[in-house]
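Enquirer: Need coordinates for the following:
(chains A, B and C)
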Amino acid sequence: MSLPEELRARAVRLRADLERYAHAYYVLDAPLVPDAEYDRLFSELEALETSHPELASADSPTQRVGGAPLEGFREVAHRLPMLSLANAFDDEAVQAFDRRVREGLAAAGRDPEAAVEYSAEPKFDGLAVSLTYIGGVLAVGATRGDGHAGEDVTANLRTLPAIPLRIDTDRPRLEVRGEVLMRRRDFERLNAIQRERGEREFANPRNAAAGSLRQLDPRITAGRRLFFYAYAVADEDMDSLPARGHGALMDWLAGLRFPVSAERARVRGLDGLLAYYRGIGARRDALPYDIDGVVYKVDALDEQRTLGFVSRAPRFAIAHKFPAQEALTELLDIEVQVGRTGALTPVARLAPVFVGGVTVTNATLHNEDEVRRKEVRIGDTVVVRRAGDVIPEVVGVAPDRPRGSGLFVMPDRCPVCGSAVSRPEGEAIARCTGGLFCAAQRKQALLHYASRRAMDIEGLGEKLVDQLVDGGRVRTPADLYRLDPQALAGLERMGEKSAANLLAAIEASRTRPLSRLVFALGIRNVGETTARDLARAFGSLQALGAAREEDLLQVPEVGPVIAQAIQGFFAEAHNREVIDALLAAGVAPRAEAVPPPGATPGASAIAGRTFVLTGTLPTLTRDEARALIEAAGGKVTGSVSRKTDFVVAGEEAGSKLERARELGVAVLDEAGLRERLGGQGQPDAPGGASD
DNA sequence: CAGCCTCGAGTTCT
DNA sequence: CTCGAGGCTG
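Expert: So this is what the prediction gives:
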């Protein structure tokens, strides 16, 4: 009854050979056998496993074609967090990194003048994953997720020919980390197929890789030709690894048949780092895959340990990013948009152009002066960049190209309502004087009123406001509270369900705190912060409306300009009418919670301190983090200065983190923040409670 | 009065 | 995120 031993041996042999051939073919690009021979062996193994199911095994190459679809992805906790790297955008930041490394190592007795040995490698533009091998067999493959827990994508990762299913090691457990990416050639091929099938093309290889890895059906992933490069080993006990340096560790992984970058190098000191960066930069376009920079790591593992970690990033490594990608395109037109305050903003309409991974068609030109400074004319070829890698920006006119002839002139009449345009002496911004007579301003005012930070009316977006205003159903925020299902019926994309949801959202907004209502009114120069201060100081809309200038000036942040704006707002008959109508419609702002008055100094690590948030935190949104800090009596501001007590940095933290370092401001990660928040509210001094 | 610190406002794309 | 400008401080 027991299976003939020779069949089992044959299966083992076939698997080993097929894996070796696949590695040679996909990873080394040097096939050992003809394709036909590979196919023959593959079929033999398949037949063997089908006729003897007890021979089947998760580490078999036959598994690479992908199994049955999953319902969803399981969450996997990372034993060691998957950290992100600090970024350097220029040579100075790299120099500072090298200096910090030498200083850090000097504390452990090393000569601070001696050049440090670094490993350098390309920074792949893909997705970080972790592969766990138990007893030499790939057991779990997970995405990075928030760094602490990711998604179990084992079934999908098994389909990648570049990832070994079984490795030759006696380590009971090995966790290898690396990047899943799609090479450009495979990306082109995939898009050609998508195009043929009339399906959506992917914007860039990174998106294609991400989309392919997150398929619930592994058979789809199998058809996508994803690749993998290993770049780290995660182990609590680095001493147990058979290598003392990062470079040697990568060599060891290569020996286990993991693909490792052929571009990696070991270099010495700052000069070595910068030379490597320039070398890779020059060859960037010739590489078979996209990269967005290079990564430097202190090579010696014991030195890495000495340096340790700051907040969520290792101190021994840094990513040196390439400058924001630029592209040339034609400036088709300059249109003028009208904002909530009537501000006229010139917007560049561009021939669609691919920059830094997305197609850009619009870019703000800020104001008239900006257009003049950049000397752009309609018809020009312009240089477009994604500033801070997000918001598109017209850098200027492309040199050596025929110039366009369309000179931009700020219109003297509002393009929406035809009112006069005024630009006060000394101000950069031209404004429509139409006020709420202007449909554009009315729409923007409504959108502002409904926005998340104001009255938070979910579902009231641009499309809907356009219809409501154009159809004459809504003129002021007060009109929103008079809407009923009939008024909404017949609008585009507005079924019964959506209508009910919208009405419920409007209903719910009646009891928002006073500070939000004050902000929602859209008084010039009164933003969120000032609105809150005003709400606290006056306690009701009536009191605010009746306030004398000298009372207003008592409020922090309020000077003569803002005091005037507030008085001017309430002096307008129209505004008083809207406020009366709002109150009559049942808008009843909740009384403001009184802030914890100063608390006892030192009673909390939060109260009275100033925080700046940057980057993406693992579990909190920016608003949530801010709410927690404010609830604990702390303050959140937007920019880092000497007065900042803490910078809370998440992933992809940029310039603010840099500035925090420059100024020596303390940096926390989310865990550090929670720790400090945790002390808050817990009576850690029993008997000392004063309430 | 200068310079710093904040706040407000506008904006892209998926 | 970045710019412009109001408010505050030395």
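
Enquirer: From A:V129, how far off is A:A68?
Expert: Per CB to CB, to the nearest Å, A:A68 is found 21 Å from A:V129. Where you see a C-beta, it was placed from the backbone N, CA and C, and this is true even at glycine.

Enquirer: neighbour-wise, which of those two wins?
Expert: A:V129 (25 against 9; other CB atoms under 10 Å).

Enquirer: ok, now which ones touch the closest residue to that one other than its chain neighbours?
Expert: Leaving aside its chain neighbours, A:V129 sits nearest to A:V180 (5.3 Å; criterion: CB to CB, 6 or more residues apart in numbering). If a contact means CB atoms under 8 Å, 6 or more residues apart in numbering, then A:V180 has A:126-129, A:157, A:160, A:209, A:213, A:226-228 as its contacts.

Enquirer: can you tell me the helix or strand for A:V180?
Expert: strand A:173-181 (DSSP states H and E).

Enquirer: average pLDDT across that strand?
Expert: Taken as a whole, strand A:173-181 has a mean pLDDT of 95.

Enquirer: can you pull out the helices in the stretch 351-500 of chain A?
Expert: Per DSSP state H, counting those that start in this stretch, the stretch 351-500 of chain A has helices spanning A:368-374, A:439-450, A:462-470, A:477-480, A:485-488, A:496-508. These are given in chain order.

Enquirer: The second one and DNA strand C in contact?
Expert: It stands for helix A:439-450. No. If you take CB under 7 Å from any atom of the strand as the test, helix A:439-450 misses DNA strand C, and the best it gets is 14.8 Å.

Enquirer: helices and strands around that helix, which ones?
Expert: Using 3 or more CB pairs under 8 Å, 6 or more residues apart in numbering; DSSP states H and E, the elements in contact with helix A:439-450 are strand A:326-338, helix A:462-470, helix A:477-480.

Enquirer: Now that we have the ones you listed, can you turn them into CSV and tack on mean neighbour count and mean pLDDT?
Expert: Converted to CSV, these look like this (neighbours: other CB atoms under 10 Å; pLDDT from 0 to 100):
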stretch, mean neighbour count, mean pLDDT
strand A:326-338, 18, 87
helix A:462-470, 16, 88
helix A:477-480, 23, 92
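
Enquirer: related to what we said a few turns ago, after the strand holding A:V180, next one along is what?
Expert: Sequence-wise, the next helix or strand downstream of strand A:173-181 (DSSP H and E) is helix A:184-196.

Enquirer: got the buried residues for that following helix?
Expert: By 16 or more other CB atoms under 10 Å, the buried positions in helix A:184-196 come out as A:186-187, A:190-191.

Enquirer: between those, which is nearest DNA strand C?
Expert: A:F187 (27.6 Å; CB to the nearest atom of the strand).

Enquirer: Was I right to think the closest one contacts A:G211?
Expert: No. A:F187 is beyond contact range of A:G211, at 11.3 Å (criterion: CB atoms under 8 Å).

Enquirer: overlap in contacts of these two?
Expert: A:F202.

Enquirer: that older thread, which one of the buried residues of helix A:184-196 is nearest to DNA strand B?
Expert: Using CB to the nearest atom of the strand, A:N191 is the member of the buried residues of helix A:184-196 that lies nearest DNA strand B, at 14.7 Å.

Enquirer: returning to what we had before: between helix A:184-196 and the strand holding A:V180, find me the angle.
Expert: 60 degrees (axes from the mean of the first three to the mean of the last three CA atoms, to 10 degrees).

Enquirer: can you pull the contacts of the nearest residue to A:I579 once chain neighbours are set aside?
Expert: Spatially, and ignoring its direct neighbours in sequence, A:I579 is nearest to A:L541 (6.0 Å; CB to CB, 6+ apart). Applying CB under 8 Å, 6+ apart to A:L541 gives the contacts A:514, A:517-518, A:579, A:583, A:589.

Enquirer: Which members of the residues you listed are the farthest-apart pair?
Expert: Largest separation among the contacts of A:L541 by CB to CB: A:V518 and A:L583, giving 13.4 Å.

Enquirer: Which of the two has more residues huddled nearby?
Expert: Higher neighbour count among A:V518 and A:L583: A:V518, with 25 against 15, using other CB under 10 Å.

Enquirer: Pretty sure the more buried one sits against A:E528.
Expert: No. Applying CB under 8 Å, one finds A:V518 not in contact with A:E528, separated by 9.5 Å.

Enquirer: and the residue of the stretch 151-300 of chain A found nearest DNA strand C, helix, strand or coil?
Expert: Taking CB to the nearest atom of the strand, DNA strand C has its nearest neighbour within the stretch 151-300 of chain A at A:D292, 16.3 Å off. The three-state label given to A:D292 by DSSP: H, G, I helix; E, B strand; the rest coil is strand.

Enquirer: roughly how far apart are the residue nearest to it when sequence neighbours are not counted and A:F187?
Expert: Counting by CB to CB, 6+ apart, A:D125 is the residue found nearest to A:D292 once chain neighbours are left out, at 4.7 Å. For A:D125, the distance to A:F187 equals 11 Å [CB to CB].

Enquirer: joint contacts of those two?
Expert: A:P205.

Enquirer: among the buried residues of helix A:184-196, which are within reach of DNA strand C?
Expert: When CB under 7 Å from any atom of the strand is applied, no member of these is adjacent to DNA strand C.

Enquirer: Looking at the residues you listed, spot the one nearest A:T62.
Expert: After measuring the buried residues of helix A:184-196 against A:T62 - CB to CB - the closest member comes out as A:D186, at 22.1 Å.

Enquirer: That closest one reaches A:R225, doesn't it?
Expert: Yes. The criterion here is CB under 8 Å, and A:D186 meets it with A:R225 at 4.1 Å.

Enquirer: Show me which residues of the stretch 351-500 of chain A sit near DNA strand B.
Expert: Residues of the stretch 351-500 of chain A lying near DNA strand B by CB under 7 Å from any atom of the strand: A:358-364, A:390-392, A:444.

Enquirer: Show me which of those residues are buried.
Expert: A:360, A:363, A:392, A:444.

Enquirer: Sort out which of the residues of the stretch 351-500 of chain A next to DNA strand B are in strands and list them.
Expert: Among those, the members found in strands (DSSP state E) are A:358-364, A:391-392.

Enquirer: Now rank the contacts of A:V180 by neighbours and give me the top one.
Expert: Result: A:A209 is most packed of the contacts of A:V180 (other CB under 10 Å), 29 neighbours.

Enquirer: Now for it: which residues touch it?
Expert: Residues in contact with A:A209 (CB under 8 Å, 6+ apart) are A:126-127, A:180-182, A:226.

Enquirer: what's the answer for A:D292, then?
Expert: Counted by CB under 8 Å, 6+ apart, A:D292 has contacts A:123, A:125, A:321-322.

Enquirer: ditto for A:A631
Expert: Applying CB under 8 Å, 6+ apart to A:A631 gives no contacts.
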